[in-house]
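In: With the input below, show me the fold.
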Amino acid sequence: MNSESNENQLKWVDNHCHFEEADDISQDLDEAASQGVQKFIVVGTDLETSRKAQEFAQVFSGKIYATAGVHPHEAIHGVSGIKELLAESTFVAVGECGLDHYYDHSPPEEQKKVFRQQITFAHDYDLPLVIHTREAWPETFSILDEMGVPPKTVFHCFTGGPQEAELALERGALLSFSGIVTFNNADELRQALKITPLERIMIETDSPYLTPEPNRGKKNRPKYLPHIGVKIADELGLDLTTLSDITWSNTHKFYNLDLSTD
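Out: Have a look, this model is predicted:
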């Protein structure tokens, strides 16, 4: 399938990215727009980055949308201030939050406590939940079952195989695929992609991390999102336009974004 010929004509939402390290956000947005990437979910990982995401969403209204949350790496610092931010009604989701036992930069018990608190925030404010989980699948599913899975939940940068995908899908979650899906050693992830219903798929860069092929070695930016789309479309046997339309619709529904201005 020669999908790339159409990619500049399509519309994409980068469902998960980080701009706090960017030198020139306007340039990033312009470069992304030239590749069809028109909207961006900028994700908070602690109180400071959540506030920055909010500022970006205010400055670039209609393009950038903000989440507020505490990443498991930052769980040791607690969730002070996050609930107050969420009460301002300018955020489209809670997170990213969850468990990361690959690094355990925060003690596991602190991670679990902060994850539970943010699930509660998602329920209290009727907001989507953005989950980060790494080498913590059983604990993540256990806590979700204990606390109740929010009606809108996404596993961002999904890294599991078919078994983890099935368990996430059974709980009503969406799966968001990043540049990892383009990596040569990601066969199990691609198997997970193939069993995911189309209405449960979103797409992200997780920039500045996880640059997709053929740009590995460079700093990741939202402008590279279409390369991920091309790979996903090829794996699923879809026309790229179809995948673009599906992920555009899924992301707008998930975050309750306004389609009337598109």
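
In: Which strands and helices lie in contact with the longest strand seen in the chain?
Out: The residue-count maximum for a strand in the chain (DSSP state E) belongs to strand 91-100. Secondary-structure packing of strand 91-100 (3 or more C-beta pairs under 8 Å, 6 or more residues apart in numbering; DSSP states H and E): strand 64-68, helix 108-125, strand 129-134, helix 137-147. Glycine gets a C-beta too; all of them are placed from N, C-alpha and C.

In: angle of that strand against strand 64-68?
Out: Relative orientation of strand 91-100 versus strand 64-68 (axes from the mean of the first three to the mean of the last three C-alpha atoms, to 10 degrees): 50 degrees.

In: what lines up beside strand 91-100 in the sheet?
Out: strand 64-68 (parallel), strand 129-134 (parallel) (DSSP bridges).

In: Figure out which of those strands is closest to His18.
Out: strand 64-68 (10.6 Å; C-beta to C-beta).

In: Pull the distance from that closest one to the chain's centre.
Out: Distance of strand 64-68 from its chain centroid, counting by C-alpha atoms, centre = their mean, to the nearest Å, is 11 Å.

In: Quick one: residues in contact with it.
Out: Applying C-beta atoms under 8 Å, 6 or more residues apart in numbering, the set of residues contacting strand 64-68 from outside is 19, 29, 39-44, 50, 53-54, 56-57, 82, 85-86, 90-96, 130, 255, 257.

In: any idea how far the closest residue to Thr247 other than its chain neighbours is from Tyr224?
Out: The spatially closest residue to Thr247, leaving aside those adjacent along the chain, is Ile203, at 4.9 Å (C-beta to C-beta, 6 or more residues apart in numbering). Remark: distance between Ile203 and Tyr224 (C-beta to C-beta, to the nearest Å) = 11 Å.

In: out of the contacts of strand 64-68, which are buried?
Out: 19, 29, 39-44, 50, 53-54, 56-57, 82, 85-86, 91-96, 130, 255, 257 (16 or more other C-beta atoms under 10 Å).

In: quick one: which of those residues sit in strands?
Out: 39-42, 91-96, 130.

In: Strands along the stretch 101-250 of the chain, start to end?
Out: 129-134, 153-155, 174-177, 201-203 (DSSP state E, counting those that start in this stretch).

In: Go ahead and name everything in contact with the first one.
Out: When contacts are taken as C-beta under 8 Å, 6+ apart, the neighbours of strand 129-134 outside the stretch itself are 16, 43, 67, 69, 71-72, 93-103, 118-119, 122, 140, 150, 152-157, 159, 173.

In: Drop anything exposed from the residues you listed.
Out: Judged by 16+ other C-beta under 10 Å, buried ones among the contacts of strand 129-134: 16, 43, 67, 69, 71-72, 93-100, 118-119, 122, 140, 150, 152-157, 159, 173.

In: quick revisit: so for Thr182, which of the strands paired with strand 91-100 sits nearest?
Out: Closest to Thr182 of these is strand 129-134 (C-beta to C-beta; 18.9 Å).

In: gap between the closest one and the chain center?
Out: 8 Å.

In: same thing with stretch 10-26?
Out: Between the centre of stretch 10-26 and the centre of its chain there are 12 Å (C-alpha atoms, centre = their mean).

In: Neighbours of Glu164, how many?
Out: Neighbourhood size, Glu164 [other C-beta atoms under 10 Å]: 21.

In: Setting aside sequence neighbours, what's the nearest residue to it?
Out: Per C-beta to C-beta, 6+ apart, closest to Glu164 is Trp137, 5.3 Å.

In: Could you measure from Val79 over to Pro72?
Out: For Val79, the distance to Pro72 - C-beta to C-beta - is 12 Å.

In: actually Ala53, not the one I typed
Out: Taken as C-beta to C-beta, the span from Ala53 to Pro72 is 18 Å.
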